[in-house]
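Undergrad: only geometry, no sequence info:
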Ligand code: MEV
């Protein structure tokens, strides 16, 4: 019987590990060894990582790779990607190389407005609330001037505050819908600090507003928080080429490839079961760059999937057309990213990633991330409508299977050679290994 522990966070790291081993891991020496094996040999680096969050026991490695040859608005970039999934980086690299000789990726930031809300309940006279808001808006804006000082110097700040009536959704529900420009920072802390200050000011001003009766003076603030749905923080990316320059192989002509590709996109546009997987493939590229550059991939995921159903049903984020012999493939997505603040100034590998990307602004990073998403989707759909994904995927996965079977370097070399001409499956690899070993 396990008893709950109090004061766990106050224990030293070694004590936390010992408690864990004793309570859940049958004092396994191996688990302890593995946890410690992933500590950084440099104490300062280790401490830095431990302090990113709480109750840290060890570090969790993910591969940090690079996909070269991305021609983006005429500039050639190598994109750092952090992912555990085999074939994601290989697929991105292939798509980059393909489009590099066909004009590259054309990408444009459409807007960069972020938003957040003060959600409150007010069950009084709506006209009085509107009058109160129009008379108080200046005070609301003034109340955050200290918080916004530095951001204003950088050209950002609060853009607007609107009073929105949401009483058709919930009795008495109103909100202050606030918009922000946060320049090169993702801006979560900035936005949330402003919103909490707006909420305080709203309460104080309401309390002093003479036309309100007692109940109205006590409008109830429920919460103040940024939204990760950012449909006004958008980037659009496109590739195009004459059909005659599109992919072909011995089994498929350029034209048939283009038609099949377009139909695959149409299926993702009309069929949510397919759209989710289709968009997951896009997120394979997006998340990998978002992670490598120290941004919040959960926020990005939530915002993009919400955008994928903005018109009422979940649909493909990418679209394609074939007109006058020209194939076009594009995507428009919301992305709230930062290249200053947060992990970007702290995590040593994130700093390197941003250096590899030539120290991009947040707008430039939006462009790069969108490009990675479109490239990933192109590679996935191309495989799906030609050879299927398993051939490439399993080739890349071969190394994982070999490692899981503890193959030696010589065994690996021999089997990599063998599987150039044979189908990779778990059982085939195991069988071949056994043959070599016997
Ligand atoms: C696998 O991680 C991603 C794919 O399933 C995406 C797709 O189906 O488009 C290959």
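TA: Noted; the coordinates are in hand. Keep in mind the model is a prediction, meaning the values are calculated, not measured.

Undergrad: Please name the nearest non-neighbouring residue to the closest residue to the ligand within the stretch 51-200 of the chain.
TA: Scanning the stretch 51-200 of the chain for the residue nearest the ligand gives residue 85, at 5.8 Å (criterion: C-beta to the nearest ligand atom). Where C-beta positions appear, they are placed from N, C-alpha and C, glycine not excepted. On the basis of C-beta to C-beta, 6 or more residues apart in numbering, the spatially nearest residue to residue 85 that is not a chain neighbour turns out to be residue 284, at 6.2 Å.

Undergrad: didn't that neighbour look like it was pressed against residue 87?
TA: No - Residue 284 lies out of contact with residue 87 (C-beta atoms under 8 Å); the separation is 9.1 Å.

Undergrad: of the two, who's got more company?
TA: Looking at residue 284 and residue 87 with other C-beta atoms under 10 Å, you find the greater number of neighbours at residue 284, namely 23 against 20.

Undergrad: in what helix or strand does the more buried one lie?
TA: Of the helices and strands defined by DSSP states H and E, residue 284 is found in helix 272-292.

Undergrad: How far does the host helix or strand of residue 35 sit from its chain's centre?
TA: When elements are assigned from DSSP H and E, residue 35 belongs to helix 29-37. On the basis of C-alpha atoms, centre = their mean, to the nearest Å, the separation between the geometric centre of helix 29-37 and that of its chain is 31 Å.

Undergrad: Mean confidence (pLDDT) on it, please.
TA: If you average the pLDDT over helix 29-37, you get 97.

Undergrad: what's the residue nearest to residue 85 in contact with, if anything?
TA: If a contact means C-beta atoms under 8 Å, 6 or more residues apart in numbering, then residue 284 has 83, 85, 88, 376, 380 as its contacts.

Undergrad: Now secondary structure, neighbour count and pLDDT too, for the residues you listed, in TSV please.
TA: Shown next, in TSV, are these (DSSP: H, G, I helix; E, B strand; the rest coil; neighbours: other C-beta atoms under 10 Å; pLDDT from 0 to 100):
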residue	secondary structure	neighbour count	pLDDT
83	coil	20	98
85	coil	16	94
88	helix	26	96
376	helix	27	98
380	helix	25	97
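
Undergrad: any idea which of those residues is the one closest to residue 295?
TA: Distances from the contacts of residue 284 to residue 295 were compared by C-beta to C-beta; the smallest belongs to residue 83, at 14.2 Å.

Undergrad: Identify the residue nearest that closest one in space, chain neighbours excluded?
TA: According to C-beta to C-beta, 6+ apart, the nearest residue to residue 83 is residue 288 (4.1 Å).

Undergrad: What of residue 160?
TA: With C-beta to C-beta, 6+ apart as the measure, residue 179 is the residue that lies nearest to residue 160, at 5.0 Å, once sequence neighbours are left out.

Undergrad: got it, and residue 418?
TA: residue 432 (6.1 Å).

Undergrad: now residue 318
TA: residue 331 is the one closest to residue 318 (C-beta to C-beta, 6+ apart), at 4.4 Å.

Undergrad: what bridges to the one you found?
TA: When bridges are taken as DSSP bridges, the partners of residue 331 come out as residue 237, residue 318.

Undergrad: residue contacts, the residue of the chain found nearest the ligand?
TA: With C-beta to the nearest ligand atom, the shortest gap between the chain and the ligand falls at residue 281, namely 2.6 Å. Listed by C-beta under 8 Å, 6+ apart, the contact partners of residue 281 are 376-377, 380-381.

Undergrad: can I get the residues you listed in TSV with distance to residue 184?
TA: Formatted as TSV, the contacts of residue 281 follow (distance: C-beta to C-beta, whole Å):
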residue	distance to residue 184
376	25
377	27
380	31
381	33
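
Undergrad: ok, and which of the residues you listed reach the ligand?
TA: Applying C-beta under 6 Å from any ligand atom, the subset of the contacts of residue 281 adjacent to the ligand comprises 380-381.

Undergrad: So which residues on the stretch 301-438 of the chain come close to the ligand?
TA: Of all the residues in the stretch 301-438 of the chain, those in contact range of the ligand (C-beta under 6 Å from any ligand atom) are 380-381, 384, 389.

Undergrad: Which is the succeeding secondary structure element to whichever strand or helix holds residue 373?
TA: Assignment of secondary structure by DSSP H and E places residue 373 within helix 362-385. Counting by DSSP H and E, the element after helix 362-385 in chain order, helix or strand, is helix 390-404.

Undergrad: which other residues reach the helix holding residue 35?
TA: The list of residues contacting helix 29-37 from outside it, by C-beta under 8 Å, 6+ apart, reads 17, 21, 25, 57-58.

Undergrad: now the residues you listed: which count as buried?
TA: For the contacts of helix 29-37, a neighbour count by 16 or more other C-beta atoms under 10 Å gives the buried set as 17, 21, 57-58.

Undergrad: What helix or strand is the residue nearest to residue 293 when sequence neighbours are not counted located in?
TA: Excluding its sequence neighbours, the residue lying closest to residue 293 (C-beta to C-beta, 6+ apart) is residue 353, at 5.2 Å. Here residue 353 is covered by helix 348-356, with elements defined by DSSP H and E.

Undergrad: How about residue 193?
TA: Of the helices and strands defined by DSSP H and E, residue 193 is found in helix 188-208.

Undergrad: Would you mind listing the buried residues in that helix?
TA: If you call a residue buried by 16+ other C-beta under 10 Å, then helix 188-208 has these buried ones: 188, 190-191, 194-199, 201-203, 205-206.
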